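K.L.:
sequence and predicted model, in that order:
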Amino acid sequence: MTRFGKRTVLGAALALALPAIGHAQGTYPTRPITMIIPFAAGGPTDTVGRLIAQAMGTELGQPVVVENVGGAGGTLGAQRVANARPDGYTILLHHIGMATIPTLYRRLAYDPINGFETVGLVTEVPMTLVARRNFPATTLAELVQVARRERERLNYANAGIGAASHLCGLLFQKALDTPFTTVPYRGTGPAMNDLLAGTVDLMCDQTTNTTEQIRAGTVRAFAVTTPQRVASLPDLPTAAEAGLPGFEVSVWHGLYTPRATPRPVVERLNRALVAALRDEGIARRFADLGTAPVPVERATPEIHRTFWQADIQKWRPLIQAAGQYAD
Ligand code: MLT
């Protein structure tokens with residue numbers, strides 16, 4: 001067959017396929033969508049993800065089913081989505097880890113930056129420094145003294161290298177110039193169970209997972225990691241007020257699809273995300289947990305990608321200076 005012949009056959013095949021793809025995009029979604037949450041059920045990412053998934057499903061007319069794929073600081077879940085078919089039926093809800101993982105992990109089985117399309121930003125969640133209820137300190141100043149005295153005898157829980165709890169722990173250890181012993185979990189949901197049981201000492205976790213425990217007094221809280229206090233925890237001082245200025249981190253969350261997902265599918269998902277961000281029930285639940293949906297004018301794929309790329313550059317020097325890598 002001549003080259004021309006091959007081209008004719010290929011052209012005909014593509015001409016036949018395009019309407020089907022176009023048709024599929026036009027009617028997308030025609031079946032349930034899987035939202036991968038890269039941490040264990042019951043944690044803060046799961047809490048945000050399930051609220052958004054339910055609201056998006058209502059708007060899309062198809063269920064958005066959450067699947068928790070924890071492990072390796074959120075990289076196993078991200079890898080699952082990066083390697084999925086780019087058809088809009090496998091999406092990822094992840095957080096600030098998408099900005100730290102490209103530096104922390106030097107050998108991944110997926111491209112942590114170019115493996116995804118951005119759909120839009122979702123929310124930015126404050127973090128809280130908490131300890132087991134009977135920890136021998138009641139203020140951040142006392143905690144700093146105990147930490148400097150106990151050093152590696154203190155067990156600090158996180159969700160693995162790349163998790164928000166890992167990043168917060170890195171910042172806290174840098175601020176104190178004191179190492180802890182790290183106890184990794186598949187998410188801070190399971191980690192919270194051990195903190196409540198008193199088998200680990202400390203954790204830095206998002207208000208979406210600590211607010212109810214702090215209010216119930218089942219954990220001891222020292223500070224919130226944002227410049228201003230959180231309305232849902234009015235008595236909790238900021239780290240700066242408590243004597244640790246500059247110890248600031250908040251956990252932004254975004255929605256992703258695999259790279260090369262057709263633009264009409266990304267736009268359809270973005271419309272569903274915006275509808276979720278406008279949902280009054282979500283706004284109320286987020287507020288009760290110390291956070292808020294991002295303003296919808298910021299929830300575009302382009303703003304998400306620009307913000308994400310800038311955050312990768314922001315955290316890279318701090319991680320390189322700490323010299324703590326996952327591999
Ligand atoms: C979780 O959902 O378990 C947390 O986001 C883990 C973390 O990032 O610390």
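P.N.:
Thanks, I have the structure now. Numbers count the residues shown, from 1 in each chain.

K.L.:
list the contacts of the residue found closest to Ala109 once you drop the neighbours it is linked to in the chain.
P.N.:
Nearest residue to Ala109, sequence neighbours excluded (CB to CB, 6 or more residues apart in numbering): Gln79, at 5.7 Å. All C-beta spots, glycine's among them, are computed from the backbone N, C-alpha and C. Counting by CB atoms under 8 Å, 6 or more residues apart in numbering, Gln79 touches 108-110.

K.L.:
let me have the residues you listed in TSV, extended by neighbour count and secondary structure.
P.N.:
Listed next are those as TSV, based on neighbours: other CB atoms under 10 Å; DSSP: H, G, I helix; E, B strand; the rest coil:
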residue	neighbour count	secondary structure
Leu108	18	coil
Ala109	10	coil
Tyr110	18	coil
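
K.L.:
out of the residues you listed, who's near the ligand?
P.N.:
Contacts with the ligand within these, counted by CB under 6 Å from any ligand atom: none were found.

K.L.:
spell out which parts of this structure neighbour the ligand.
P.N.:
Going by CB under 6 Å from any ligand atom, the residues of the chain near the ligand are 39-40, 43-46, 95, 97, 158-159, 163-165, 187-189.

K.L.:
list just the nearest of the residues you listed to Thr178.
P.N.:
Asn158 (15.8 Å; CB to CB).

K.L.:
any idea which helix or strand carries Arg50?
P.N.:
When elements are assigned from DSSP states H and E, Arg50 belongs to helix 44-60.

K.L.:
now do Ala147
P.N.:
helix 140-150.

K.L.:
ditto for Met127
P.N.:
Element membership of Met127 [criterion: DSSP H and E] is strand 116-132.

K.L.:
same question for Leu236.
P.N.:
Using DSSP H and E, no helix or strand contains Leu236.

K.L.:
how about Tyr156, phi and psi?
P.N.:
In terms of degrees, to the nearest 10, the main-chain angles of Tyr156 are phi -110, psi 120.

K.L.:
who's it bridged to?
P.N.:
Tyr156 has these beta-bridge partners by DSSP bridges: Thr182, Leu202.

K.L.:
any idea how far the residue nearest to Ala109 is from the ligand?
P.N.:
16 Å (CB to the nearest ligand atom, to the nearest Å).

K.L.:
next, that residue: phi, psi?
P.N.:
Dihedral pair for Gln79: phi -60, psi -40, per degrees, to the nearest 10.

K.L.:
kindly report the same for Leu269.
P.N.:
phi -70, psi -40.

K.L.:
what's the closest non-adjacent residue to it?
P.N.:
Per CB to CB, 6+ apart, closest to Leu269 is Val119, 4.9 Å.

K.L.:
number of residues surrounding the one you found?
P.N.:
For Val119, the count of nearby residues is 31 (other CB atoms under 10 Å).

K.L.:
what's near enough to touch it?
P.N.:
Residues counted as contacts of Val119 (CB under 8 Å, 6+ apart) are 91, 254-257, 266, 269-270, 273, 301, 304.

K.L.:
now neighbour count too, for these, in TSV please.
P.N.:
Converted to TSV, the contacts of Val119 look like this (neighbours: other CB atoms under 10 Å):
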residue	neighbour count
Ile91	27
Gly254	26
Leu255	29
Tyr256	28
Thr257	26
Val266	21
Leu269	27
Asn270	18
Leu273	29
Pro301	22
His304	24
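
K.L.:
which one of those residues is nearest the ligand?
P.N.:
In terms of CB to the nearest ligand atom, no member of the contacts of Val119 lies closer to the ligand than Gly254, at 13.1 Å.

K.L.:
list the contacts for that closest one?
P.N.:
By CB under 8 Å, 6+ apart, the neighbours of Gly254 are 93-95, 98, 118-122, 304, 308.

K.L.:
quick one: which of the residues you listed is nearest to Gln320?
P.N.:
The nearest member of the contacts of Gly254 to Gln320, counting by CB to CB, is Met98 at 17.8 Å.

K.L.:
so what pLDDT did the closest one get?
P.N.:
At Met98, the pLDDT value in this model is 98.

K.L.:
can you check Ala240 too?
P.N.:
So, for Ala240, pLDDT stands at 96.

K.L.:
which of the helices and strands in the protein ranks last by mean pLDDT?
P.N.:
Sorting the helices and strands of the chain by mean pLDDT, DSSP states H and E puts helix 3-27 at the bottom, at a mean of 53.

K.L.:
which residues in the protein form strands?
P.N.:
33-37, 64-68, 90-95, 116-132, 155-158, 181-184, 202-206, 219-224, 250-258 (DSSP state E).

K.L.:
so, low pLDDT: which residues of the stretch 201-327 of the chain?
P.N.:
Applying pLDDT under 70 to the stretch 201-327 of the chain flags no residue at all.

K.L.:
quick one: the helices in it?
P.N.:
For the stretch 201-327 of the chain, the helices defined by DSSP state H, counting those that start in this stretch occupy 207-216, 263-277, 280-288, 301-322.
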